[in-house]
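> quick one: sequence plus predicted model below, questions after.
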Amino acid sequence: MQHYAIFLSNTFNKQNFIQQLLDKKAPGLFASFNSSDAVLFSAYTVQQYLLEEDIHGYSGIEATRKQTLRSMSSGEQKKVLLQHLLSLKPGVLILDNVFDNLDTAAQTSFKEELKLAGAHTLLIQLTHRKRDLLPFIENRLMVSAGEFVPLEGNTDDEIHVDDAPVPSPLHHYKLSTTELVRFTDVHVSYDSRQVLQQINWRINAGEFWQLKGPNGSGKTTLLTMITGDNVKGYGQQLYIFGRKKGSGESVWDIKDKIGYLTPAMTDLFSTRHTLLHMIVSGFVDSIGLYTIPSDMQLRSAYEWLQLLQLQHKANTAFSKLTQGEQRLALVARAMVKHPPLLILDEPLMGLDATNTEKIIQLINKLAAETSTAVLYVSHQTEKGLQPQKVFELLKTENGSIGTIHG
Ligand SMILES: Nc1ncnc2c1ncn2[C@@H]1O[C@H](COP(=O)(O)OP(=O)(O)OP(=O)(O)O)[C@@H](O)[C@H]1O
């Protein structure tokens, strides 16, 4: 079987290439794939099944699970999708950034399953990270001047971001406490299954934390309890910005003090908003800009674009930017108001090595040069990221427990 692993940069038109494979109109080297039906494993496919479940109450891939797809963690959703696609015994399986969101154990078991599947299914792996290339695929390609050519080098390149200062805040938050978040002996169960036990964690002003843990360990659950999007905190010793959960605090007050980024937000900006307006919208927490920005806000947004070295794209539609540029802009948007707490949920998902490095350097800089507390969430240790402390979730039979390092 002639499998292919293709290393891509974020500038390649991946969607178009995938569509050609699905339509059996693949060009040149890949024309031999056109005689077989292809299926796609990607974050987009998961989204499609979630939509299906939202509309019809059933996605069609969760048959072996009692739980809905929507309530599963992102890693669990990907595992279910792979099982489903492999059960179809497709002629061609396109793997788009297959290891995103997966912890080390899941990556190992995916590699084994894909190797077995490779005996009867042609695999085309598309990845933005060389370290994710499937070891058993010998045909390794990259794109150069629009052509597929043999891959050069086995390590990801490194880059450095501009050293301009972080723009100053336009407004200073007045908080009654320096303790932004406190969990004391907090536990969470879903349908009588305990997923978190005895969580004890404090996040103080200005600290730089990483929240880490394998798939399904409860990272999203903890995050949504902090942002006010999860009712599990009520009646427990959970304090957000000094107020006990359920003591009449407003969710909008909480959200006002938090800057938030998850890669899924990218799709929300599909309209014609310019990059500049998208950054400004961070001042008012809207998705896109619907109010007239003040001169100060516009000036500050330009300063952010300077830091990102994207001034020349200020009036470009956000949807027309490369994936790396969009992600840089979303970090800036979450940070423009210098919130007391900045939450970055898997901010590197789907990025190539160059953009990964840029975002990590930007995050380190924000944490070091501002008084914002940064909470970085991912399942793995990120090379180059410099959190002061790590809150690590470890799964046990009775739900995850948290340990603190650093
Ligand atoms: N509404 C819900 N109903 C039932 N189970 C749920 C619900 N929400 C979360 N869970 C379960 O709680 C556990 C923790 O999920 P959570 O999404 O917090 O994990 P995670 O650490 O963010 O995982 P991942 O890295 O895969 O995104 C998972 O086993 C998930 O299936």
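Cool, the structure landed.
> is stretch 333-345 positioned near the ligand?
No: judged by Cβ under 6 Å from any ligand atom, stretch 333-345 makes no contact with the ligand; its nearest approach is 8.7 Å. (C-beta placed from N, C-alpha, C; glycine too.)
> alpha carbons of that stretch, as PDB, please.
Coordinates of the C-alpha atoms in stretch 333-345 are reproduced here as PDB (Å, rounded to 0.1, in the frame of the first residue of the first chain):
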ATOM      1  CA  ARG A 333      -8.200  40.000  20.800                       C
ATOM      2  CA  ALA A 334      -8.400  38.100  24.100                       C
ATOM      3  CA  MET A 335      -5.700  40.300  25.600                       C
ATOM      4  CA  VAL A 336      -6.500  43.800  24.400                       C
ATOM      5  CA  LYS A 337      -8.400  44.800  27.500                       C
ATOM      6  CA  HIS A 338      -5.600  43.400  29.800                       C
ATOM      7  CA  PRO A 339      -8.100  41.200  31.700                       C
ATOM      8  CA  PRO A 340      -7.200  40.000  35.200                       C
ATOM      9  CA  LEU A 341      -7.400  36.400  33.800                       C
ATOM     10  CA  LEU A 342      -6.500  35.200  30.300                       C
ATOM     11  CA  ILE A 343      -7.600  31.700  29.400                       C
ATOM     12  CA  LEU A 344      -6.000  30.000  26.400                       C
ATOM     13  CA  ASP A 345      -7.600  26.600  25.700                       C
END
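> what's the neighbour count on the residue of the stretch 301-406 of the chain found nearest the ligand?
Closest approach between the stretch 301-406 of the chain and the ligand, counting by Cβ to the nearest ligand atom: His379, at 5.0 Å. By the criterion of other Cβ atoms under 10 Å, His379 has 24 neighbours.
> surely it touches Ala105?
No: counting by Cβ atoms under 8 Å, His379 does not reach Ala105; the two are 9.9 Å apart.
> shared neighbours of those two, anything?
Counting by Cβ atoms under 8 Å, 6 or more residues apart in numbering, the residues touching both His379 and Ala105 are Pro214.
> can you pull the contacts of the residue of the stretch 301-406 of the chain closest to the ligand?
Neighbouring residues of His379 by Cβ under 8 Å, 6+ apart: 75, 101-103, 212-215, 219, 346.
> just the ones in strands from those, please.
Those of the contacts of His379 mapping onto strands are Lys212, per DSSP state E.
> check the contacts of His379 one by one and keep those near the ligand.
On the criterion Cβ under 6 Å from any ligand atom, 75, 101, 213, 215, 219 are the entries of the contacts of His379 that sit beside the ligand.
> I'd like these as JSON lines, with neighbour count appended.
What follows is those, written out as JSON lines (neighbours: other Cβ atoms under 10 Å):
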{"residue": "Gly75", "neighbour count": "21"}
{"residue": "Asn101", "neighbour count": "22"}
{"residue": "Gly213", "neighbour count": "24"}
{"residue": "Asn215", "neighbour count": "21"}
{"residue": "Lys219", "neighbour count": "25"}
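> widest-spaced pair of those residues?
Longest distance between any two of these is 12.4 Å, between Asn101 and Gly213; criterion Cβ to Cβ.
> circling back to that earlier point, so which of the ones next to the ligand among the contacts of His379 is the closest to Phe30?
Nearest to Phe30 among these, with distances taken as Cβ to Cβ, is Asn101, at 26.7 Å.
> just checking, the closest one touches Gly75?
Yes: look at Asn101 against Gly75 with Cβ under 8 Å: they come within range, at 5.4 Å.
> what do these two both touch?
Both Asn101 and Gly75 are contacted by 215, 379, under the criterion Cβ under 8 Å, 6+ apart.
> what's the longest helix in this protein?
Criterion DSSP state H: the longest helix present in the chain is helix 353-369.
> how about it: buried residues?
If you call a residue buried by 16 or more other Cβ atoms under 10 Å, then helix 353-369 has these buried ones: 353-367.
> count of neighbours near Glu249?
A count of nearby residues for Glu249, using other Cβ under 10 Å, gives 16.
> Thr262 too?
As a burial measure, Thr262 scores 17 neighbours (other Cβ under 10 Å).
> in space, what's closest to it - neighbours in sequence excluded?
In this structure, Thr262 finds its nearest non-sequential neighbour in Asp345, 4.1 Å apart by Cβ to Cβ, 6 or more residues apart in numbering.
> ditto for Pro293
Val280 (4.6 Å).
> repeat for Tyr49
Ser59 (4.2 Å).
> can you verify that neighbour is assigned to a strand?
No: applying DSSP: H, G, I helix; E, B strand; the rest coil, one finds Ser59 to be coil, outside a strand.
> that one reaches Gln47, doesn't it?
No: taking contacts as Cβ under 8 Å, Ser59 lies outside contact range of Gln47: 10.8 Å.
> just want to know which of those two has more residues nearby.
Higher neighbour count among Ser59 and Gln47: Ser59, with 23 against 13, using other Cβ under 10 Å.
> mind checking pLDDT for the more buried one?
Ser59 is assigned 82 on the pLDDT scale.
> how close does it sit to Met72?
To Met72, Ser59 is 11 Å away according to Cβ to Cβ, to the nearest Å.
> okay, the closest residue to Pro387 other than its chain neighbours: pLDDT?
In this structure, Pro387 finds its nearest non-sequential neighbour in Gln210, 4.0 Å apart by Cβ to Cβ, 6+ apart. With respect to pLDDT, Gln210 scores 97.
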